[in-house]
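Undergrad: Pasting a predicted model and its sequence here:
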Amino acid sequence: MIVINFFGPSCSGKSTLAAGVFYRLKSFGLNAEVALEYVKDSVYDGNPYPFKDQIYVFAHQLKRLRQYEGKVDYVVTDAPLLLSHSFAGDKECQAFHDLIDHEWKRYNNVNVFLDWHNVPYTSSGRKSEHDNREKYAKKVKKLLDDRNEKYIVVPSDGDLLGIVALISDEIERVEKGVAE
């Protein structure tokens, strides 16, 4: 199973592009599903608990991926497992961070970082602040770079078909790597 991960700060277009890419994959006849961000559901539910427990959030997000194992070829997500590192920080033990990396490596990942600078901020479904976007974007890029994760950068407000073409190239690269 290939997981297409969208990375970027809050309100960078992750959910919108995940939905668009999922739609295009399905319209091409591919066996794909979408695993949207668990914590966004909690914002809409008014449930503050998940923001205090990254292990809980990680478990729910992991469940959203595992339910598709052996059933679909592609999963598109706006909440990559790897992001649990940045939300947990030093609050959680090293064993948790090791678990994140272990689960991450179980999947064939295609990573997409969004250049979000032309996307206006909206607070609907969000807990984070607009002012932190630049700082968080740098933190996420560092997280990917420190782990030598390959990623492509696409504009959040770019042409969907062009973005899908770039992602398709990455899928092909990952599939070749899996076959070798």
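TA: Received it, and whenever you're ready, just let me know what you need.
Undergrad: got the buried residues for the helix or strand that contains residue 113?
TA: Assigned by DSSP states H and E, residue 113 belongs to strand 108-115. If you call a residue buried by 16 or more other CB atoms under 10 Å, then strand 108-115 has these buried ones: 109-115. For glycine as for every other residue, the C-beta is placed from the backbone atoms N, C-alpha and C.
Undergrad: would a markdown table of the residues you listed with distance to residue 157 and pLDDT be doable?
TA: Listed next are those as a markdown table, based on distance: CB to CB, whole Å; pLDDT from 0 to 100:
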| residue | distance to residue 157 | pLDDT |
| --- | --- | --- |
| 109 | 24 | 97 |
| 110 | 20 | 97 |
| 111 | 19 | 97 |
| 112 | 14 | 96 |
| 113 | 14 | 95 |
| 114 | 9 | 94 |
| 115 | 9 | 89 |
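Undergrad: tell me the contacts of residue 86?
TA: 136, 139-140, 143 (CB atoms under 8 Å, 6 or more residues apart in numbering).
Undergrad: From these, pick the one nearest residue 153.
TA: When the contacts of residue 86 are ranked by distance to residue 153 (CB to CB), residue 140 comes first, at 11.7 Å.
Undergrad: for that closest one, helix, strand, or coil?
TA: Using DSSP: H, G, I helix; E, B strand; the rest coil, the structure places residue 140 in helix.
Undergrad: I'd guessed it sits against residue 112; true?
TA: No - judged on CB atoms under 8 Å, residue 140 makes no contact with residue 112 at a distance of 11.7 Å.
Undergrad: Thanks a lot, see you next time.
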